[in-house]
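In: okay, here's the prediction I keep looking at, along with the sequence it came from:
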Amino acid sequence: MTSTLILLRHGNSEWNQKNLFTGWVDVRLSEQGVAEAKRAGELLAESGLAPEILYTSVLTRAIQTANLALEVADRLWIPVKRSWRLNERHYGALQGLDKAETLEKYGPEQFQTWRRSFDTPPPPLDDDAPYSQVGDERYADLPDAELPRTESLKLVIDRMLPYWFSDITTDLAAGRTVLVTAHGNSLRALVKHLDGISDADIAELNIPTGIPLVYELDDDFRPTAPGRYLDPEAAEAGAAAVAAQGKK
Ligand SMILES: O=C(O)[C@@H](CO)OP(=O)(O)O
């Protein structure tokens, strides 16, 4: 039996628009992001795909995106599960910094290492820094030692994959069409796992905002074919724009 998995990166956020490193900072969608999320709902409806359960991170921009898309697709009623394990990568001390200024200050090599290397996290964020998540109510159940102060992509995979196996694959095994609405780097982590992308090659993968990416999975939750974007042309342009962030 095959099952269907739909991955959706949240629409453009207020901080994507301002070109700021975001990570776990809880910003909202920009107007453009709202339009992208609604368009994602149209793409889902036009494709005939009907999500039966929604997974999101606990960050507002992913939740807004899912709600807007599902409303357009007339599926706002489906059950929802949220987890911090689907959150964006914690960007450490870079959270809140301007990407172009960071590129200029530290140079392209360091900038690319922080953004896209597999296992080099940015410097950790101080607990009393303005954009720290220490004390944020939504993480109250998370032991302090497990609350990230920075993360590499590898660390995202380490905290995301257990949830993939414990929860998301359980719904897939039950034959449900699953929608996962999450973030650029948490979805890069999941796509790396699904497509078996090497630690080196994952640096080149960028996920566009607001365009559903659909996988058919076999009984072992492996893709039967490459994932397909419901609007391939827009996805290509969107991924190129993400890759170019920082450059003025
Ligand atoms: O700032 C961030 O949290 C992410 C996603 O917006 O950015 P980047 O693509 O640079 O990893």
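Out: Received it, and whenever you're ready, just let me know what you need. Numbers count the residues shown, from 1 in each chain.
In: name the residues of this protein found near the ligand, please.
Out: Proximity of the chain to the ligand is assessed by C-beta under 6 Å from any ligand atom, with 16, 21-23, 88, 91, 115, 184-185, 242, 245 identified as the residues in range. Any C-beta I mention is one placed from the backbone N, CA and C, and that applies to glycine too.
In: just send those back as a markdown table, with pLDDT and neighbour count too.
Out: Written out in a markdown table, the entries for the residues of the chain next to the ligand read as follows (pLDDT from 0 to 100; neighbours: other C-beta atoms under 10 Å):
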| residue | pLDDT | neighbour count |
| --- | --- | --- |
| N16 | 96 | 23 |
| F21 | 98 | 23 |
| T22 | 98 | 24 |
| G23 | 98 | 25 |
| E88 | 98 | 25 |
| Y91 | 98 | 25 |
| R115 | 97 | 24 |
| G184 | 98 | 22 |
| N185 | 97 | 25 |
| V242 | 93 | 16 |
| Q245 | 87 | 16 |
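In: grab the nearest non-local neighbour of T224.
Out: Beyond its immediate neighbours in the sequence, the residue positioned closest to T224 (C-beta to C-beta, 6 or more residues apart in numbering) is E216, lying 4.8 Å away.
In: list the contacts of the helix or strand hosting that neighbour.
Out: Element membership for E216, per DSSP states H and E: strand 213-217. Contact partners of strand 213-217, identified using C-beta atoms under 8 Å, 6 or more residues apart in numbering, comprise 2-8, 47, 49, 172, 187, 191, 194, 207, 223-225, 227-230, 235.
In: if you look at these, which of them are in strands?
Out: 3-8, 228-229 (DSSP state E).
In: now the buried members of the residues you listed.
Out: Among those, those buried by neighbour count (16 or more other C-beta atoms under 10 Å) are 3-8, 229.
In: can you pull the pLDDT of K248?
Out: According to the per-residue confidence, K248 scores 56 in pLDDT.
In: just give me the residue closest to the centre of the chain.
Out: By C-alpha atoms, centre = their mean, the mean C-alpha position of the chain lies nearest to H183, the distance being 1.5 Å.
In: farthest-apart pair in the buried ones among the ones in strands among the contacts of strand 213-217, please.
Out: Spanning the widest gap among these are S3 and Y229, at 18.8 Å by C-beta to C-beta.
In: now for G210: which residues touch it?
Out: Contacts for G210 (C-beta under 8 Å, 6+ apart) come out as 8-12, 33, 36-37, 39-40, 65, 238.
In: go on, I168?
Out: Applying C-beta under 8 Å, 6+ apart as the definition, the contact partners of I168 turn out to be 5, 55, 178, 180.
In: next, the contact list for L155, please.
Out: L155 makes contact with 89, 121, 148 under the criterion C-beta under 8 Å, 6+ apart.
In: and these, which is closest to D127?
Out: Within those, distances to D127 taken as C-beta to C-beta reach their minimum at P148, with 11.8 Å.
In: need the three-state assignment for the closest one.
Out: Using DSSP: H, G, I helix; E, B strand; the rest coil, the structure places P148 in coil.
In: I'd assumed H90 was in contact with it.
Out: Yes. The pair P148 and H90 passes the contact test of C-beta atoms under 8 Å, sitting 3.9 Å apart.
In: intersection of neighbour lists for these two?
Out: W24.
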